[in-house]
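Attaching a predicted model along with its sequence, questions to come.
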Amino acid sequence: MKILIINGPNLNMLGSRETDVYGNKSLSDLESMLIGKKHDVNLEFFQSNSEKEIIEKIHSQKTENYSYGIFNFGAFTHTSIAIRDAILSVKLPFYEVHISNVYAREEFRHKSFFNDIAIGSIVGFGFDGYEFALDKIMRGKDGS
Ligand code: DQA
C-alpha cells in the first residue's frame, strides 16, 4: 500500500514558523515520526508552496495509484477550488489534517474546500493528527 502525504505552503517552515501555534518541531521531524511508526506501508512525502505543483502531484495518481492521501494544504485549504477539482478528477480517498484548530482561529480559516470530500478531517491535534490518519488507514474501515 502506498500513501501520499502532502504538506502545502509554509509547512516547510515548521519549527520556526509561529511556534506558539505550530510547535517547535520541523517537517522532517514529522516525517521521521511517521516513518518511525513502522507500518508496513510505503509513505511518500511531498511538500510544496506552489498550487500548480500540488495539483500536478495529485494528477500523478493516474499512474501512481496511491491507496490513500493524508493532506494538509495549509492556506490553500481555505482558497483552492483548483486543488479540490484536482482531487475530484482522480480517485484518491484522503484524510484532511490541520496541526492547529482552524475553527478556533480567524474566521477565514473556518472554510475548508476539502472537508466535505475527505474521509474525515482531524484538526488541532498537532503532529498527532497525521498519525491518527495513518493509524486509521492501517486499521481499515471497521477500525479493527
Ligand atoms: C494549517 C492551518 C491553515 O489555516 C494555515 O494556513 C496553515 C496551517 C494547520 O495545519 O493548522 O498553513 O493548515
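Received, thanks. Numbers count the residues shown, from 1 in each chain.

Quick one: the helices in the chain, in order.
All helices of the chain, identified by DSSP state H, fall at 19-22, 27-35, 51-59, 61-64, 81-89, 128-139.

how about these, which one is nearest the ligand?
Of all the helices of the chain, helix 19-22 sits nearest to the ligand, with 6.7 Å by CB to the nearest ligand atom. Heads up, the C-betas are built off the backbone N, CA and C, glycines and all.

can you list the residues of this protein near the ligand?
Within the chain, the residues that sit near the ligand (CB under 6 Å from any ligand atom) are N10, N72, G74, A75, T77, H98, I99, S100, V102, R109.

how about low-confidence regions in this protein?
141, 143-144 (pLDDT under 70).

Centroid-nearest residue for it?
Centroid check for the chain by CA atoms, centre = their mean gives F71 as the closest residue, at 1.8 Å.

So that one is in contact with L92, correct?
No: using CB atoms under 8 Å, F71 is not in contact with L92, being 9.2 Å away.

before we move on, back to that, wait, what's in contact with the residue nearest to the centre of the chain?
I5, I6, G8, F94, Y95, E96, V97, F114, A118 (CB atoms under 8 Å, 6 or more residues apart in numbering).
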